[in-house]
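Asker: Following is a predicted model, sequence given first.
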Amino acid sequence: MFRVIPAIDIKNRKCVSLIQGIPGTERVSIDNPLDVALRWIKGGARIIHLIDLDGAIEGHRLNSPIIESIIKYSRIETQVGGGIRSKKDAHELLSLGWTG
């Protein structure tokens, strides 16, 4: 099976597109990552991939509240990466999607 999974990169609480993944090369910046996620879902996405670039690059998960809101309102499978450096970090993220 082949699936297209939309990826949303988040830096400084905004959606960004980096040139070749290099920090400081943002060429697109959209203020509301939740709106972007919901647009993908409305367009038919059944899974989204979120990357906390601040967490990945700088080591602190600045965008956790945004990621939490996307998980809460999207109600679809969500992959998360960036800044997960401990079991505690992983547990906190996994608990966001816990419904049972």
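Answerer: Now that the structure is in, tell me what you want to look at.

Asker: ok, residue 29 touching residue 13?
Answerer: No. Residue 29 is not in contact with residue 13 according to Cβ atoms under 8 Å; the separation is 10.2 Å. In short, each C-beta sits where N, CA and C put it, glycine included.

Asker: the bottom helix or strand of this protein by mean pLDDT?
Answerer: The weakest-scoring helix or strand in the chain, judged by mean pLDDT, DSSP states H and E, is strand 26-30 (a mean of 83).

Asker: how far does that one sit from the chain's center?
Answerer: 15 Å (Cα atoms, centre = their mean, to the nearest Å).

Asker: so where's this protein uncertain?
Answerer: 98-100 (pLDDT under 70).

Asker: Can you tell me the centre-most residue of it?
Answerer: residue 50 (2.2 Å; Cα atoms, centre = their mean).

Asker: For that one, list each beta-bridge partner.
Answerer: residue 8, residue 80 (DSSP bridges).

Asker: Contacts only, for it.
Answerer: Residues counted as contacts of residue 50 (Cβ atoms under 8 Å, 6 or more residues apart in numbering) are 7-8, 10, 33, 37, 67, 70, 78-82.

Asker: any idea which of those is the one closest to residue 88?
Answerer: The shortest gap between residue 88 and any of the contacts of residue 50 belongs to residue 80, at 14.6 Å (Cβ to Cβ).

Asker: can I assume residue 49 is in contact with residue 6?
Answerer: Yes. Counting by Cβ under 8 Å, residue 6 is a contact partner of residue 49 at 6.9 Å.

Asker: host element of residue 44?
Answerer: Under the criterion DSSP states H and E, no helix or strand holds residue 44.

Asker: What is the burial count for it?
Answerer: 8 (other Cβ atoms under 10 Å).

Asker: Also residue 13?
Answerer: Neighbour tally, residue 13, other Cβ under 10 Å: 13.
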